[in-house]
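**Q** Sharing a model that was predicted from the sequence below.
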Amino acid sequence: MKTSIAFFDFDGTITTRDSFLELIKFYRGKPLFYTGFLLHLPFLLAYKLRIISNQAAKERILQFFFSGTRETDFQARCNEYASTALPHIIRPKAMQEIKVLQAAGTEIVIVSASAEDWIRAWCNTNHLLLEGTRLEVIDGKITGRIVGRNCHGSEKVRRIRERFRLENYDEILAFGDTSGDRPMLNLANIRFYKPFR
């Protein structure tokens, strides 16, 4: 029997909006969301100009909004977000494709730069495997730093190769929507760029 595996980027591919930004609004409210991003405009501009890395910019935002938050409280709110708000930004066509692939016996993995904390519950509900960015926790509190590397670009490929023996699959599919997904797309023998727009 032919074996197949599909790797899906999450933000922008499966979702209509960035799940991290939506989580901040959900967790902290819109007034603090906009205040926080106004305060960090120089860092966001530096990221856009490629002066600082994707990871450095993300950590700066994570630290501002979540540093010192108890992990148990953070995870509880992330689970609430995953069950109540996240479904509203899922692309119906993406969900339909996932269900078709599942019915055909394809193993499906979400590979995301977003933290596993706010995607995990949604993935579990939909019987999907997950590889995402991992947040550092010290003394039971979120620090706002990332463990290892942000799951973006070549790190997606490293994570996939570390976890899966791709030579064991007859068919490898990949779905993405940005340049950061290109390395993952290049792993596949069937690839889709911005497939659900």
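**A** That came through, no problem. Predicted, not measured: the structure shown is a model, and the values here were computed from it.

**Q** how about the helices in the chain?
**A** For the chain, the helices defined by DSSP state H cover 19-28, 30-39, 41-48, 54-66, 71-84, 92-103, 116-125, 154-163, 182-185.

**Q** And for the longest one, what's in contact with it?
**A** Spelled out, that is helix 71-84. Residues from elsewhere that reach helix 71-84 (C-beta atoms under 8 Å, 6 or more residues apart in numbering): 22-23, 26-27, 66, 117-122, 125, 137, 140-142. No exception for glycine: its C-beta is placed from N, CA and C like everyone else's.

**Q** Using CSV, write out the CA atom coordinates for it.
**A** What follows is helix 71-84, C-alpha atoms only, in CSV (Å, rounded to 0.1, in the frame of the first residue of the first chain):
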residue,chain,number,x,y,z
GLU,A,71,2.7,28.5,32.2
THR,A,72,-0.5,26.8,33.5
ASP,A,73,-2.5,30.0,33.1
PHE,A,74,-1.0,30.6,29.7
GLN,A,75,-1.8,27.1,28.5
ALA,A,76,-5.4,27.3,29.8
ARG,A,77,-6.0,30.5,27.9
CYS,A,78,-4.3,29.1,24.8
ASN,A,79,-6.6,26.1,25.0
GLU,A,80,-9.6,28.4,25.3
TYR,A,81,-8.4,30.4,22.3
ALA,A,82,-7.9,27.1,20.3
SER,A,83,-11.5,26.0,20.9
THR,A,84,-13.3,29.3,20.6
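
**Q** who's in contact with the strand ranked longest in the chain?
**A** Taking DSSP state E as the criterion, the chain has its longest strand at strand 107-115. The contact list for strand 107-115 (C-beta under 8 Å, 6+ apart) reads 3-11, 14, 18-20, 54, 58, 98, 101-102, 119, 123, 128-135, 150-152, 156, 159-160, 164, 180, 184.

**Q** still on that earlier bit, buried by neighbour count, from the contacts of helix 71-84: which ones?
**A** Neighbour counting with 16 or more other C-beta atoms under 10 Å marks 22-23, 26-27, 66, 117-122, 137, 141-142 as buried within the contacts of helix 71-84.

**Q** What's the separation between residue 190 and residue 4?
**A** 9 Å (C-beta to C-beta, to the nearest Å).

**Q** Find the least confident helix or strand in this protein, judged by mean pLDDT.
**A** Sorted by mean pLDDT, DSSP states H and E, the helices and strands of the chain end with helix 41-48, the least confident at a mean of 86.

**Q** Give me the below-cutoff pLDDT ranges for this protein.
**A** Residues of the chain meeting the criterion pLDDT under 70: 1.
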